[in-house]
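K.L.:
pasted the sequence and its predicted model underneath.
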Amino acid sequence: LKLSQLARERNVAFKRSAASPEQLRDSTLERLRVSYALDGDYDDIRALIHDIETAPDFLVIENVFLSEGQDEQAPLTLT
């Protein structure tokens, strides 16, 4: 929910998400692996990533995939 709110604040459109909990071996902790697909322009996407990285919550961004649309006016897609 918080990532969706941050995206909205940065004019980045939410497309879809998926989440799956993972039990960590030899630990009582769990990891929640989340995948998001978002659309927006380059500056807004950069600002969103900065907001995530500097947020007080502990989040780790492992992979970022950025792709452009079919035409020049299409937004970028961040996964």
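P.N.:
Arrived safely.
K.L.:
so the residue nearest to A18 when sequence neighbours are not counted, which of the three states?
P.N.:
With sequence-adjacent residues excluded and distances taken as C-beta to C-beta, 6 or more residues apart in numbering, A18 is closest to S35, at 4.8 Å. Where C-beta positions appear, they are placed from N, C-alpha and C, glycine not excepted. Classification of S35 using DSSP: H, G, I helix; E, B strand; the rest coil returns strand.
K.L.:
against Q70, how distant is S35?
P.N.:
Separation of S35 from Q70 (C-beta to C-beta, to the nearest Å): 23 Å.
K.L.:
same question for D26.
P.N.:
Applying C-beta to C-beta, the value for D26 to Q70 is 47 Å.
K.L.:
likewise A37?
P.N.:
In terms of C-beta to C-beta, A37 sits 16 Å off from Q70.
K.L.:
sorry, back to before: more neighbours, S35 and Q70?
P.N.:
Legend: neighbour count by other C-beta atoms under 10 Å for S35 and Q70, higher for S35 (11 against 6).
K.L.:
so how far is F65 from the more buried one?
P.N.:
With C-beta to C-beta as the criterion, S35 and F65 are 10 Å apart.
K.L.:
swap in H50?
P.N.:
18 Å.
K.L.:
which of those two has more neighbours?
P.N.:
Comparing H50 with F65 by other C-beta under 10 Å, the one with more neighbours is H50, at 11 against 8.
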